[in-house]
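Student: could you work out the structure for the sequence below:
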Amino acid sequence: MTTLPLIGEAIAVAADSRLAGARIGVVTFPGTLDDRDAARAVRLAGATAVPLWHADTTLGDVDAVVIPGGFSYGDYLRAGAISRFAPLMGKIVDAANSDAKLPVLGICNGFQILTESHLLPGSMIKNDHLKFICRNQILRVENNTTAWTSDYETGQEITVPLKNQDGQYIADEKTLDALEAEGRVAFRYVGFNPNGSRRDIAGITNAAGNVVGLMPHPEHAVEPGFGPESADDSNAGTDGLGFFTSVLNQLVGGTK
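Tutor: Down below sits the predicted model:
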(Lines give C-alpha, C1' and ligand atoms only; values in the text may rest on other atoms or scores of the structure.)
Protein backbone atom coordinates (compact mmCIF):
# COMPACT_ATOMS: atom_id res chain seq x y z
CA MET A 1 0.00 0.00 0.00
CA THR A 2 1.34 3.41 -0.99
CA THR A 3 1.68 5.86 1.86
CA LEU A 4 0.49 9.33 0.94
CA PRO A 5 1.89 12.47 2.59
CA LEU A 6 -0.32 14.24 5.08
CA ILE A 7 -2.10 17.35 3.86
CA GLY A 8 0.20 20.30 4.44
CA GLU A 9 3.32 18.12 4.53
CA ALA A 10 5.56 19.37 1.72
CA ILE A 11 8.04 16.75 0.59
CA ALA A 12 10.59 17.90 -1.98
CA VAL A 13 11.14 15.42 -4.79
CA ALA A 14 14.36 16.87 -6.14
CA ALA A 15 17.34 14.65 -5.49
CA ASP A 16 19.90 17.17 -6.74
CA SER A 17 21.09 19.24 -3.79
CA ARG A 18 22.13 22.04 -6.17
CA LEU A 19 18.47 22.87 -6.70
CA ALA A 20 18.05 23.99 -3.10
CA GLY A 21 19.93 27.21 -3.85
CA ALA A 22 17.53 28.30 -6.58
CA ARG A 23 15.15 31.14 -5.71
CA ILE A 24 11.84 31.34 -7.56
CA GLY A 25 9.75 34.47 -7.13
CA VAL A 26 5.96 34.06 -6.82
CA VAL A 27 4.01 37.25 -7.54
CA THR A 28 0.90 38.31 -5.62
CA PHE A 29 -1.54 40.91 -6.95
CA PRO A 30 -4.74 42.03 -5.23
CA GLY A 31 -7.08 39.19 -6.16
CA THR A 32 -4.42 36.53 -6.77
CA LEU A 33 -5.70 33.14 -5.54
CA ASP A 34 -3.03 30.57 -6.30
CA ASP A 35 0.17 32.15 -5.05
CA ARG A 36 0.45 29.78 -2.08
CA ASP A 37 -0.16 26.79 -4.32
CA ALA A 38 2.56 27.98 -6.70
CA ALA A 39 4.96 28.55 -3.81
CA ARG A 40 4.26 25.05 -2.55
CA ALA A 41 4.97 23.61 -6.00
CA VAL A 42 8.29 25.46 -6.03
CA ARG A 43 9.21 24.00 -2.65
CA LEU A 44 8.15 20.50 -3.69
CA ALA A 45 10.42 20.79 -6.71
CA GLY A 46 13.29 21.53 -4.34
CA ALA A 47 13.80 25.31 -4.55
CA THR A 48 13.11 28.31 -2.34
CA ALA A 49 9.88 30.22 -3.01
CA VAL A 50 10.32 33.99 -2.69
CA PRO A 51 7.14 36.07 -2.22
CA LEU A 52 6.91 39.12 -4.48
CA TRP A 53 4.31 41.86 -4.11
CA HIS A 54 2.84 43.67 -7.14
CA ALA A 55 3.98 47.05 -5.80
CA ASP A 56 7.60 45.98 -5.32
CA THR A 57 10.08 47.98 -7.35
CA THR A 58 12.75 45.29 -7.48
CA LEU A 59 12.89 41.57 -8.19
CA GLY A 60 15.63 41.07 -5.65
CA ASP A 61 17.84 38.11 -6.42
CA VAL A 62 15.29 35.65 -7.80
CA ASP A 63 16.34 33.25 -10.55
CA ALA A 64 12.88 32.89 -12.14
CA VAL A 65 9.34 34.18 -11.64
CA VAL A 66 5.91 32.55 -11.49
CA ILE A 67 2.82 34.71 -12.04
CA PRO A 68 -0.01 32.63 -10.54
CA GLY A 69 -3.72 32.45 -11.25
CA GLY A 70 -6.62 34.30 -9.72
CA PHE A 71 -8.57 37.44 -10.55
CA SER A 72 -6.05 40.25 -10.25
CA TYR A 73 -7.76 43.56 -9.53
CA GLY A 74 -11.04 41.70 -9.86
CA ASP A 75 -10.51 41.31 -13.63
CA TYR A 76 -11.89 44.84 -14.03
CA LEU A 77 -11.63 46.24 -17.57
CA ARG A 78 -10.49 42.78 -18.68
CA ALA A 79 -8.37 40.03 -17.15
CA GLY A 80 -4.80 41.19 -16.58
CA ALA A 81 -5.34 44.65 -18.05
CA ILE A 82 -4.62 46.55 -14.84
CA SER A 83 -1.89 44.22 -13.59
CA ARG A 84 0.32 45.01 -16.57
CA PHE A 85 0.85 48.48 -15.08
CA ALA A 86 2.01 47.25 -11.67
CA PRO A 87 5.54 48.42 -10.78
CA LEU A 88 6.80 44.85 -10.48
CA MET A 89 5.53 43.92 -13.95
CA GLY A 90 7.80 46.55 -15.48
CA LYS A 91 10.76 44.88 -13.80
CA ILE A 92 9.61 41.42 -14.96
CA VAL A 93 9.20 42.57 -18.56
CA ASP A 94 12.66 44.15 -18.57
CA ALA A 95 14.29 41.08 -17.02
CA ALA A 96 12.52 38.67 -19.37
CA ASN A 97 13.61 40.68 -22.41
CA SER A 98 17.17 41.23 -21.16
CA ASP A 99 20.23 39.27 -22.22
CA ALA A 100 19.81 37.24 -19.02
CA LYS A 101 16.35 36.10 -20.22
CA LEU A 102 14.74 35.64 -16.82
CA PRO A 103 12.46 32.57 -16.93
CA VAL A 104 8.82 33.61 -16.41
CA LEU A 105 5.80 31.31 -16.10
CA GLY A 106 2.27 32.72 -16.28
CA ILE A 107 -0.54 30.44 -15.13
CA CYS A 108 -4.18 31.26 -15.97
CA ASN A 109 -4.52 34.89 -14.86
CA GLY A 110 -0.73 34.99 -15.12
CA PHE A 111 -1.03 33.99 -18.79
CA GLN A 112 -3.56 36.77 -19.28
CA ILE A 113 -1.15 39.23 -17.67
CA LEU A 114 1.67 38.08 -19.96
CA THR A 115 -0.42 38.77 -23.06
CA GLU A 116 -1.50 42.16 -21.72
CA SER A 117 2.17 42.96 -21.02
CA HIS A 118 3.09 41.88 -24.59
CA LEU A 119 5.56 39.31 -23.34
CA LEU A 120 3.39 36.84 -25.25
CA PRO A 121 1.24 37.52 -28.34
CA GLY A 122 -2.52 37.19 -28.62
CA SER A 123 -5.21 37.78 -26.05
CA MET A 124 -7.64 35.99 -23.73
CA ILE A 125 -11.40 36.49 -23.91
CA LYS A 126 -14.51 34.90 -22.38
CA ASN A 127 -14.95 31.17 -22.87
CA ASP A 128 -17.00 30.48 -25.97
CA HIS A 129 -19.76 28.94 -23.81
CA LEU A 130 -19.73 32.05 -21.56
CA LYS A 131 -19.46 29.98 -18.38
CA PHE A 132 -16.82 29.33 -15.75
CA ILE A 133 -15.36 25.85 -16.20
CA CYS A 134 -13.45 23.66 -13.74
CA ARG A 135 -12.23 20.20 -14.76
CA ASN A 136 -9.20 17.96 -15.10
CA GLN A 137 -7.76 18.59 -18.54
CA ILE A 138 -5.47 16.52 -20.75
CA LEU A 139 -2.73 18.51 -22.47
CA ARG A 140 -0.24 17.48 -25.10
CA VAL A 141 3.29 18.85 -24.78
CA GLU A 142 4.12 20.38 -28.16
CA ASN A 143 7.43 22.03 -27.26
CA ASN A 144 9.83 20.64 -24.66
CA THR A 145 12.69 23.04 -25.37
CA THR A 146 11.49 25.90 -23.17
CA ALA A 147 12.73 26.77 -19.70
CA TRP A 148 9.54 25.34 -18.22
CA THR A 149 8.98 22.19 -20.30
CA SER A 150 12.35 20.44 -20.68
CA ASP A 151 11.46 17.66 -18.22
CA TYR A 152 8.67 16.50 -20.54
CA GLU A 153 8.81 14.66 -23.85
CA THR A 154 7.42 16.14 -27.04
CA GLY A 155 4.00 14.58 -27.59
CA GLN A 156 3.65 13.56 -23.95
CA GLU A 157 0.14 13.88 -22.56
CA ILE A 158 -0.31 15.21 -19.04
CA THR A 159 -3.39 15.85 -16.90
CA VAL A 160 -3.72 19.02 -14.84
CA PRO A 161 -6.68 20.96 -13.44
CA LEU A 162 -8.22 23.81 -15.42
CA LYS A 163 -10.47 26.57 -14.01
CA ASN A 164 -11.30 29.76 -15.87
CA GLN A 165 -13.95 31.99 -17.36
CA ASP A 166 -11.70 34.08 -19.62
CA GLY A 167 -9.71 31.19 -21.05
CA GLN A 168 -10.31 31.48 -24.79
CA TYR A 169 -6.98 32.19 -26.48
CA ILE A 170 -7.31 34.25 -29.64
CA ALA A 171 -4.95 35.84 -32.15
CA ASP A 172 -5.12 36.84 -35.80
CA GLU A 173 -4.35 34.17 -38.39
CA LYS A 174 -0.92 35.62 -39.17
CA THR A 175 0.09 35.36 -35.52
CA LEU A 176 -1.35 31.86 -35.18
CA ASP A 177 0.49 30.72 -38.30
CA ALA A 178 3.73 32.19 -36.94
CA LEU A 179 3.31 30.43 -33.59
CA GLU A 180 2.80 27.12 -35.39
CA ALA A 181 5.68 27.63 -37.82
CA GLU A 182 8.11 28.68 -35.09
CA GLY A 183 7.15 25.85 -32.73
CA ARG A 184 5.88 28.29 -30.13
CA VAL A 185 2.70 26.41 -29.25
CA ALA A 186 3.82 24.85 -25.98
CA PHE A 187 0.64 22.95 -25.05
CA ARG A 188 -2.53 21.92 -26.82
CA TYR A 189 -5.85 20.68 -25.44
CA VAL A 190 -6.50 16.99 -26.08
CA GLY A 191 -9.93 15.38 -26.46
CA PHE A 192 -11.90 18.49 -25.52
CA ASN A 193 -11.39 22.19 -26.09
CA PRO A 194 -12.77 23.67 -22.85
CA ASN A 195 -12.97 27.32 -23.88
CA GLY A 196 -12.88 27.62 -27.67
CA SER A 197 -9.21 28.58 -27.89
CA ARG A 198 -7.97 28.92 -31.44
CA ARG A 199 -6.35 25.76 -32.77
CA ASP A 200 -6.82 24.08 -29.36
CA ILE A 201 -3.95 26.14 -27.96
CA ALA A 202 -3.57 25.79 -24.19
CA GLY A 203 -0.20 27.49 -23.80
CA ILE A 204 2.50 29.28 -25.77
CA THR A 205 6.09 30.43 -25.42
CA ASN A 206 8.08 33.42 -26.58
CA ALA A 207 10.76 33.01 -29.24
CA ALA A 208 13.56 32.68 -26.67
CA GLY A 209 11.73 29.98 -24.70
CA ASN A 210 12.15 31.67 -21.32
CA VAL A 211 8.55 32.96 -21.09
CA VAL A 212 5.69 30.44 -21.06
CA GLY A 213 1.99 31.03 -20.42
CA LEU A 214 -0.85 28.53 -20.15
CA MET A 215 -4.42 28.48 -18.88
CA PRO A 216 -4.46 25.15 -16.95
CA HIS A 217 -2.92 24.91 -13.47
CA PRO A 218 0.18 22.70 -13.15
CA GLU A 219 0.68 23.86 -9.55
CA HIS A 220 -2.44 21.88 -8.61
CA ALA A 221 -0.90 18.63 -9.88
CA VAL A 222 2.32 18.26 -7.93
CA GLU A 223 1.56 15.74 -5.15
CA PRO A 224 0.71 12.03 -5.29
CA GLY A 225 -2.84 11.44 -4.17
CA PHE A 226 -3.90 15.08 -4.35
CA GLY A 227 -3.68 15.84 -8.06
CA PRO A 228 -5.78 14.40 -10.90
CA GLU A 229 -5.39 10.83 -12.05
CA SER A 230 -3.23 10.28 -15.11
CA ALA A 231 -2.42 7.51 -17.58
CA ASP A 232 0.78 6.76 -15.65
CA ASP A 233 -0.30 5.38 -12.26
CA SER A 234 3.23 5.67 -10.90
CA ASN A 235 3.10 9.40 -11.55
CA ALA A 236 -0.57 10.00 -10.72
CA GLY A 237 -1.32 13.46 -9.44
CA THR A 238 2.11 14.92 -10.22
CA ASP A 239 1.94 15.70 -13.95
CA GLY A 240 2.41 19.42 -13.26
CA LEU A 241 5.60 19.09 -11.23
CA GLY A 242 7.71 18.96 -14.38
CA PHE A 243 7.16 22.68 -14.98
CA PHE A 244 8.99 23.52 -11.78
CA THR A 245 11.74 20.89 -12.01
CA SER A 246 12.35 21.93 -15.64
CA VAL A 247 13.26 25.48 -14.75
CA LEU A 248 15.36 24.38 -11.78
CA ASN A 249 17.34 21.93 -13.88
CA GLN A 250 17.96 24.68 -16.42
CA LEU A 251 19.13 27.06 -13.74
CA VAL A 252 21.72 24.61 -12.40
CA GLY A 253 22.81 23.55 -15.87
CA GLY A 254 21.16 20.15 -15.78
CA THR A 255 20.38 18.13 -18.87
CA LYS A 256 17.44 15.97 -19.82
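
Student: all helices for the stretch 51-200 of the chain, in order.
Tutor: 87-97, 109-116, 173-181 (DSSP state H, counting those that start in this stretch).

Student: can you list contacts of the last one?
Tutor: By CB atoms under 8 Å, 6 or more residues apart in numbering, the surrounding residues in contact with helix 173-181 are 121-122, 171, 184-185, 198-199, 201, 204. From N, CA and C alone the C-beta is placed, and that goes for glycine too.

Student: show me which residues of it are buried.
Tutor: By neighbour count with 16 or more other CB atoms under 10 Å, helix 173-181 contains the buried residues 176, 179.

Student: distance from the chain centre to that helix, please.
Tutor: Remark: helix 173-181 is offset 21 Å from the chain centroid, using CA atoms, centre = their mean, to the nearest Å.

Student: tell me if I'm right that Val27 and Asp35 touch.
Tutor: Yes - the pair Val27 / Asp35 is scored as a contact, 7.2 Å apart, by CB atoms under 8 Å.

Student: what is in contact with those two at once?
Tutor: Pro68.

Student: just want to know which of these two has more residues nearby.
Tutor: For the pair Val27 and Asp35, the greater number of neighbours falls to Val27 (28 against 22), based on other CB atoms under 10 Å.

Student: what does the helix or strand harbouring the more buried one contact?
Tutor: Following DSSP states H and E, one finds Val27 within strand 23-28. Strand 23-28 has contacts (CB under 8 Å, 6+ apart) with 35, 38-39, 42, 47-54, 59-68, 88, 92, 110, 244, 247-248.

Student: show the buried residues in these.
Tutor: Counted by 16+ other CB under 10 Å, these give 35, 38-39, 42, 47-50, 52, 54, 59, 62-68, 88, 92, 110, 244, 247-248 as buried.

Student: low-confidence ranges, the stretch 101-250 of the chain, go.
Tutor: The stretch 101-250 of the chain contains residues with pLDDT under 70 at 230-235.

Student: all strands for it, in order.
Tutor: 104-107, 123-125, 133-141, 157-164, 168-170, 185-189, 201-205, 211-214 (DSSP state E, counting those that start in this stretch).

Student: turn those strands into CSV, including distance to Gly240 and mean neighbour count.
Tutor: What follows is the strands of the stretch 101-250 of the chain, written out as CSV (distance: least, CB to CB, whole Å; neighbours: other CB atoms under 10 Å):
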stretch, distance to Gly240, mean neighbour count
strand 104-107, 10, 30
strand 123-125, 20, 19
strand 133-141, 10, 18
strand 157-164, 5, 22
strand 168-170, 19, 22
strand 185-189, 11, 23
strand 201-205, 12, 27
strand 211-214, 10, 28
